[in-house]
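Undergrad: Next one to model:
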Amino acid sequence: MTTYALDTNIISYMLKKDQEVIDRFRRESTLGNEFVMLPVVYYEVTRWLYEKKATRLLSEFNDLCVEIPMLETTIAIWNKAAELYVLTRQKGKTVGGDADLLIAAYCLMNGCTLITNNIRHFEIIDDLNIGNWKNV
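TA: Numbering: from 1, shown residues only. As a prediction, this is how the structure comes out:
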């Protein structure tokens, strides 16, 4: 069994009714795989929906959040994100931003596979399991 953490862009595809992503979500659910919501992803999606004044989509997102448990924030997550920041800088590269560092830290600390359409944001991070459900 695999535990998947969906990146903000994957949640966005689901809310936009992208059939490819929705079908994959359903298939993985049927196979007994689990999903978790990362607090930073919740924040990014909610922020985007508030900015767009997309009340219907916000309601749909909240319904989805009932199905997907949210991981808790811990000091260990913040420390891991800070460690990743330093490690990527030492390699002379950066990740997409602080939110992406937190997303990667959550996945590493909780043994989750990150599902994202922004592979390049995360590929520098060693030992991070990454998948993409778009155009695959």
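
Undergrad: after the longest helix along the chain comes which helix or strand?
TA: Taking DSSP state H as the criterion, the chain has its longest helix at helix 75-90. Taking DSSP states H and E as the definition, the helix or strand that follows helix 75-90 towards the C-terminus is helix 98-110.

Undergrad: check which helix or strand covers the nearest residue to residue 8 once chain neighbours are set aside.
TA: Counting by C-beta to C-beta, 6 or more residues apart in numbering, residue 44 is the residue found nearest to residue 8 once chain neighbours are left out, at 4.3 Å. In short, each C-beta sits where N, CA and C put it, glycine included. Take DSSP H and E as the rule and residue 44 turns out to sit in helix 39-52.

Undergrad: Can you work out which other helices and strands pack against that helix?
TA: Secondary structure elements in contact with helix 39-52, counted by 3 or more C-beta pairs under 8 Å, 6 or more residues apart in numbering; DSSP states H and E, are helix 8-15, helix 55-67, helix 98-110.

Undergrad: which one of the ones you listed lies closest to residue 133?
TA: Put simply, out of these the one that sits nearest residue 133 is helix 8-15, at 6.4 Å, with distance taken as C-beta to C-beta.

Undergrad: what's in contact with that closest one?
TA: Here helix 8-15 makes contact (C-beta atoms under 8 Å, 6 or more residues apart in numbering) with 6, 20-22, 25, 41, 44-45, 48, 57, 60-61, 64, 99, 115-118, 133-134.

Undergrad: Quick one, which of those are buried?
TA: Buried members of the contacts of helix 8-15, scored by 16 or more other C-beta atoms under 10 Å, are 6, 21, 25, 41, 44-45, 48, 57, 61, 64, 99, 115-118, 133.

Undergrad: Can you tell me the closest non-neighbouring residue to residue 39?
TA: Here the nearest residue to residue 39 in space, its sequence neighbours aside, is residue 73; by C-beta to C-beta, 6+ apart that works out to 5.5 Å.

Undergrad: Thanks a lot, catch you later.
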